[in-house]
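In: no sequence on hand, only this structure:
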């Protein structure tokens, strides 16, 4: 049976600006409670199932710790330990898991997998990462920018590197929040316009990555080789040689520009050590904020709009 009444979070465009403003407000409150050691258990007796087809550090830790901190329980499943790895249909797995839990997070390969899963789930489904989208990470990044610099509306974000799931989520975020993305990708690793909304006017493409940094308020990048593309590693290293964020490129950004990276990072490849470990880098706040924004997201998807 198809279930169309649940609110899922499969890509960044699934929520409105008003919903994001609520999530950011709640994330601030929930983070403050966390820092002040105030117990907050709105999801007492609720269960999150986490389904991993791709390996993870930050996604598992932030969702599992977050659900426990909200008073609930998190159950970890991977394809090696479950029937999904033995060919059980995704639709069947979704129906069973959603009858035994209150919310499900899926980290998988093709985006169509999570869409099929969500279509047969009786409870909200959250995208913990697919090949095409990584909305939870970009939500944390937007929250981190707002935390450090205020509103992101009208600002410029520079993306240097592969046209990957992070970029497509950034492009969706730009439409929601009203900022601009300067994009520089190596030839052959360009934007797939099937993954960009028609009429999108919030980004500009640059052949030269240094030019893309001019006046930027945030410069961000990702590893040269994303999960699932490891066999291309040697070829990518050669193609991406100039698509690294170094001090020279950061010097062309705004004086108070921030640097972000979703991690894990390879110093000396996509980012210089002097940048990621330097004063403009907020990568550790960014990583921590996955915890806080996802707690706000879990609260919203399970309980609806909470006001206090």
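Out: That came through, no problem. Every value quoted in this text rests on a predicted model; they were computed, and no experiment measured them.

In: where does the prediction get shaky in the stretch 101-250 of the chain?
Out: 226-229 (pLDDT under 70).

In: if you set the cut-off to 90 instead, what comes out?
Out: Judged by pLDDT under 90, the stretch 101-250 of the chain has its weakly predicted residues at 224-238.

In: which residues of it fall in strands?
Out: In the stretch 101-250 of the chain, the segments counted as strands under DSSP state E, counting those that start in this stretch are 103-107, 125-129, 156-160, 180-184, 203-205, 218-221.

In: can you point me to the longest helix in this structure?
Out: helix 283-303 (DSSP state H).

In: tell me the mean pLDDT over that helix?
Out: The average pLDDT within helix 283-303 is 98.

In: do stretch 40-60 as well
Out: Here the average pLDDT along stretch 40-60 is 95.

In: buried residues in it?
Out: 40, 42-43, 46-54, 56, 58-60 (16 or more other CB atoms under 10 Å). The C-beta positions use only the backbone N, C-alpha and C, and glycine is treated the same way.

In: out of those residues, who's nearest residue 176?
Out: Of all the buried residues of stretch 40-60, residue 176 sits closest to residue 59, with 21.7 Å by CB to CB.

In: so the closest one is in contact with residue 290, correct?
Out: Yes: Residue 59 is within contact range of residue 290, at 7.5 Å (criterion: CB atoms under 8 Å).

In: need the residues touching each of those two.
Out: Common neighbours of residue 59 and residue 290, using CB atoms under 8 Å, 6 or more residues apart in numbering, are residue 136.

In: what's the distance between residue 237 and residue 207?
Out: According to CB to CB, to the nearest Å, residue 237 and residue 207 sit 20 Å apart.

In: more crowded one of those two?
Out: residue 237 (13 against 10; other CB atoms under 10 Å).

In: identify the residues contacting the more buried one.
Out: 224, 269.

In: let's see 10 Å
Out: Applying CB atoms under 10 Å, 6 or more residues apart in numbering to residue 237 gives the contacts 224-225, 266, 269.

In: what's the answer for residue 191, then?
Out: Going by CB under 10 Å, 6+ apart, residue 191 touches 159, 163, 167-168, 171, 183, 185, 200, 203, 205.

In: kindly recompute the last result at 7 Å.
Out: 163, 183, 185 (CB atoms under 7 Å, 6 or more residues apart in numbering).

In: go on, residue 67?
Out: With CB under 7 Å, 6+ apart, residue 67 has these contacts: 43, 48, 73-74, 298.

In: 8 Å instead, please
Out: Applying CB under 8 Å, 6+ apart, one finds that residue 67 lies in contact with 43, 46, 48, 73-74, 298.

In: tell me the first helix or strand C-terminal of the host helix or strand of it.
Out: Mapping residue 67 onto the secondary structure by DSSP states H and E places it in helix 58-69. As assigned by DSSP H and E, the chain's next helix or strand after helix 58-69 is strand 73-78.

In: how far off helix 58-69 does that following strand point, in degrees?
Out: Counting by axes from the mean of the first three to the mean of the last three CA atoms, to 10 degrees, strand 73-78 points 150 degrees away from the direction of helix 58-69.

In: tell me how far strand 73-78 lies from the chain's centre.
Out: Relative to its chain's centre, strand 73-78 lies at 20 Å (CA atoms, centre = their mean, to the nearest Å).

In: how about the nearest residue to residue 11, chain neighbours excluded?
Out: The spatially closest residue to residue 11, leaving aside those adjacent along the chain, is residue 133, at 4.4 Å (CB to CB, 6 or more residues apart in numbering).

In: would you mind measuring from that neighbour to residue 38?
Out: Relative to residue 38, and taking CB to CB, residue 133 is found at 33 Å.

In: repeat that for residue 150.
Out: Distance of residue 150 to residue 38, given as CB to CB: 25 Å.

In: now residue 139
Out: Distance from residue 139 to residue 38, by CB to CB: 23 Å.

In: which parts of the stretch 151-300 of the chain are helices?
Out: 165-177, 209-212, 233-239, 247-251, 273-276, 283-303 (DSSP state H, counting those that start in this stretch).

In: circling back: okay, angle between the longest helix of the chain and strand 125-129 too, please.
Out: Using the same axes, to 10 degrees: helix 283-303 against strand 125-129 is 160 degrees.
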